[in-house]
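Trainee: Fold the following, please.
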Amino acid sequence: MRKINLVVALLLAIASVQCGSHPPSAPSTSTTTGTSVEQLQVGAEQFERYLPLLKGKSVGLVVNHTAMVGKSHLADTLRAQGINVKKVFAPEHGFRGSAADGETVKDGIDTKTGLPIVSLYGANKKPTPEQIADLDVLIFDIQDVGVRFYTFISTLHYVMEAAAENGKKVIVLDRPNPNGDYIDGPILDPAVKSFVGMHPIPIVHGLTVGELAKMINGEKWLDKGLTCGLEVITLKNWKHTDPYSLPLRPSPNLPNDQSIQLYPTLGLFEGTVISMGRGTQIPFLVIGNPEFTDLSFQFTPADIPGMANNPPHEGKVCYGIDLRNVSVPNKIELKYILDFYKKYSDKDKFFTKSFTILAGTTTLQQQIKDGLTEDQIRASWKDGLEKYSVMRKKYLLYD
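Mentor: Residues are numbered from 1 along each chain as shown. Below is the predicted model:
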């Protein structure tokens with residue numbers, strides 16, 4: 001499902017914009033429409049649309065390792081074009097994407113570019129007035145996977161809020177959402193708002209980062225109802241129903257397309273005693289627990305630098321299910337968590353405190369405890385999803 005091969009093709013030379021050299025061409029994904037093949041262009045590849053906005057400006061980049069333009073990082077590309085890049089703001093996993101989940105990202109200096117790096121994951125999740133005082137523009141270019149508890153969109157929120165409060169502009173260089181062709185899950189209850197869920201949207205929100213940025217502004221979700229100066233450099237030749245295979249893993253524990261498609265379903269297990277393979281080379285592709293010895297598939301979590309620090313059930317054999325080759329439907333599948341809850345011996349210890357934060361509601365945990373079926377639980381999401389769908393249409397930039 002939703003698989004597509006990356007076709008490496010050299011883009012036509014892009015006309016230089018008020019400068020004496022051309023930005024590098026970049027490989028793009030081909031999408032097929034009828035009998036024609038059109039080249040998908042992400043926002044970062046469309047230099048002619050955003051380089052003029054940066055001339056003579058002091059620029060801050062909110063980026064990680066996914067902000068690539070062909071084989072060149074956006075930071076290197078812009079600096080080569082004479083753009084005054086002053087600093088980099090790093091989200092969860094860091095600027096180079098090498099920090100494990102939950103690991104504090106530290107301020108520092110990037111050894112390759114010499115640029116100062118300001119961490120936005122740890123104690124400081126929102127740029128301070130001092131950190132952006134010397135900037136005119138903030139560019140956000142991070143590959144997302146379309147799931148509410150994936151924290152890059154929370155970083156987006158805080159960057160927009162800081163920009164709104166300090167009179168700065170935000171430019172989002174849009175990228176495809178690999179889970180962008182459906183919406184699903186409970187709508188977040190503001191009472192359980194956190195960094196892994198900041199907006200009243202479903203778990204699978206069906207928006208690109210650019211579309212979500214417009215929704216944040218349009219629904220006035222920033223503090224005090226502020227809106228920030230926003231420019232979205234939209235994708236070319238992509239629509240929500242187009243499959244998209246990510247050229248890089250978006251974070252250390254999402255190694256391939258299958259794991260990205262399973263993430264909305266398996267991410268909820270982070271709030272339980274079940275391992276979803278952290279501490280292995282197949283995270284978010286397997287689920288299990290040391291107690292389920294009647295299941296034949298097994299894996300043993302271990303500490304892996306840059307991927308998993310002290311993973312759940314470290315050093316213990318977990319017995320469970322291998323999901324590497326299952327067909328993944330366009331929905332959150334509750335059957336796995338319902339079955340494992342029934343199977344686990346100590347029901348009172350199955351859920352951890354983080355489950356409600358990930359679910360975005362206290363209701364789902366109670367529904368599982370009460371023995372509701374998947375159909376019954378899904379029916380309880382219906383009204384919320386219908387209302388969200390109406391709101392979502394206002395901000396769609398792509399068919």
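Trainee: Could you use CA atoms for every contact and neighbour count after this?
Mentor: Fine.
Trainee: for the stretch 1-150 of the chain, what spans make up the strands?
Mentor: 30-33, 36-39, 58-63, 68-69, 72-73, 84-90, 108-109, 116-119, 137-141 (DSSP state E, counting those that start in this stretch).
Trainee: Switch the ones you listed over to TSV; also include mean pLDDT.
Mentor: Conversion of the strands of the stretch 1-150 of the chain to TSV gives the following (pLDDT from 0 to 100):
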stretch	mean pLDDT
strand 30-33	43
strand 36-39	66
strand 58-63	97
strand 68-69	95
strand 72-73	92
strand 84-90	95
strand 108-109	82
strand 116-119	92
strand 137-141	98
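Trainee: residues contacting residue 368?
Mentor: Residue 368 makes contact with 338, 341 under the criterion Cα atoms under 8 Å, 6 or more residues apart in numbering.
Trainee: my read is it is in a helix, agree?
Mentor: Yes: secondary structure assignment places residue 368 in a helix (DSSP: H, G, I helix; E, B strand; the rest coil).
Trainee: how much space is there between it and residue 356?
Mentor: Here the distance between residue 368 and residue 356 works out to 12 Å (Cα to Cα, to the nearest Å).
Trainee: Could you do residue 396 as well?
Mentor: Remark: distance between residue 396 and residue 356 (Cα to Cα) = 29 Å.
Trainee: These two: which is more packed in?
Mentor: Neighbour totals were compared for residue 396 and residue 356, and residue 356 leads with 20 against 17 (other Cα atoms under 10 Å).
Trainee: How confident was the prediction at the residue nearest to the more buried one when sequence neighbours are not counted?
Mentor: Once its chain neighbours are removed from consideration, residue 356 has its nearest residue in residue 362; the separation is 5.4 Å (Cα to Cα, 6 or more residues apart in numbering). Confidence per residue is given as pLDDT, and for residue 362 that number is 98.
Trainee: do the same with residue 21
Mentor: The confidence metric pLDDT takes the value 42 at residue 21.
Trainee: Name the nearest residue to residue 41, sequence neighbours excluded.
Mentor: Looking at residue 41 with Cα to Cα, 6+ apart, the closest residue is residue 236, at 5.0 Å.
Trainee: isn't that neighbour right up against residue 38?
Mentor: No: contact between residue 236 and residue 38 fails when scored by Cα atoms under 8 Å: they sit 9.0 Å apart.
Trainee: Now do the nearest residue to residue 166 once chain neighbours are set aside against residue 140, distance only.
Mentor: The spatial neighbour of residue 166 that comes closest, neighbours along the chain excluded (Cα to Cα, 6+ apart), is residue 129 at 6.7 Å. Residue 129 sits 18 Å away from residue 140 when distances are taken as Cα to Cα.
Trainee: More neighbours: those two, which one.
Mentor: Comparing residue 129 with residue 140 by neighbour count (other Cα under 10 Å), the higher total belongs to residue 140, at 26 against 12.
Trainee: doesn't residue 169 make contact with that one?
Mentor: No: Residue 140 is not in contact with residue 169 according to Cα under 8 Å; the separation is 10.7 Å.
Trainee: A helix includes residue 385, no?
Mentor: Yes: checked against three-state DSSP, residue 385 lies within a helix.
Trainee: doesn't residue 183 make contact with it?
Mentor: Yes: counting by Cα under 8 Å, residue 385 does reach residue 183; the two are 7.5 Å apart.
Trainee: quick one on the thing from earlier: would you mind giving me the confidence score for the residue nearest to residue 166?
Mentor: Residue 129 is assigned a pLDDT of 98 by the prediction.
Trainee: What distance do you get for it to residue 335?
Mentor: For residue 129, the distance to residue 335 equals 47 Å [Cα to Cα].
Trainee: hang on, the earlier thing: dump the residue contacts of the residue nearest to residue 41.
Mentor: If you count contacts by Cα under 8 Å, 6+ apart, residue 236 has them with 39-43.
Trainee: Drop anything exposed from the residues you listed.
Mentor: In those, burial by neighbour count holds for 39-43, counting by 16 or more other Cα atoms under 10 Å.
Trainee: And the residues you listed, which is the shakiest by pLDDT?
Mentor: Of all of the buried ones among the contacts of residue 236, residue 39 carries the lowest confidence score, 93.
Trainee: tell me the contacts of residue 315?
Mentor: Going by Cα under 8 Å, 6+ apart, the list of residues near residue 315 reads 300-302.
Trainee: my hunch is that it is in a strand, does that hold up?
Mentor: No: Residue 315 sits outside any strand when classified using three-state DSSP, being coil.
Trainee: What is the neighbour count of residue 113?
Mentor: Taking other Cα under 10 Å as the definition, residue 113 ends up with a neighbour count of 11.
Trainee: how about the nearest residue to it, chain neighbours excluded?
Mentor: When the adjacent residues along the chain are set aside, residue 113 lies closest to residue 76, with 7.5 Å between them (Cα to Cα, 6+ apart).
Trainee: Show the pLDDT at the one you found.
Mentor: Confidence at residue 76, expressed as pLDDT, is 93.
Trainee: Could you measure from it over to residue 57?
Mentor: 17 Å.
Trainee: Same check on residue 364?
Mentor: Separation of residue 364 from residue 57 (Cα to Cα) stands at 48 Å.
Trainee: ditto for residue 315
Mentor: Relative to residue 57, and taking Cα to Cα, residue 315 is found at 52 Å.
Trainee: now residue 112
Mentor: With Cα to Cα as the criterion, residue 112 and residue 57 are 22 Å apart.
Trainee: who's in contact with the residue nearest to the spatial centre of the chain?
Mentor: The chain has residue 144 as the residue nearest its centroid, 2.9 Å off, counting by Cα atoms, centre = their mean. With contacts defined as Cα under 8 Å, 6+ apart, residue 144 is in contact with 150, 152-153, 175-177, 208-209, 250.
Trainee: so what's the backbone phi/psi at it?
Mentor: Phi and psi for residue 144, reported as degrees, to the nearest 10, are phi -110, psi 170.
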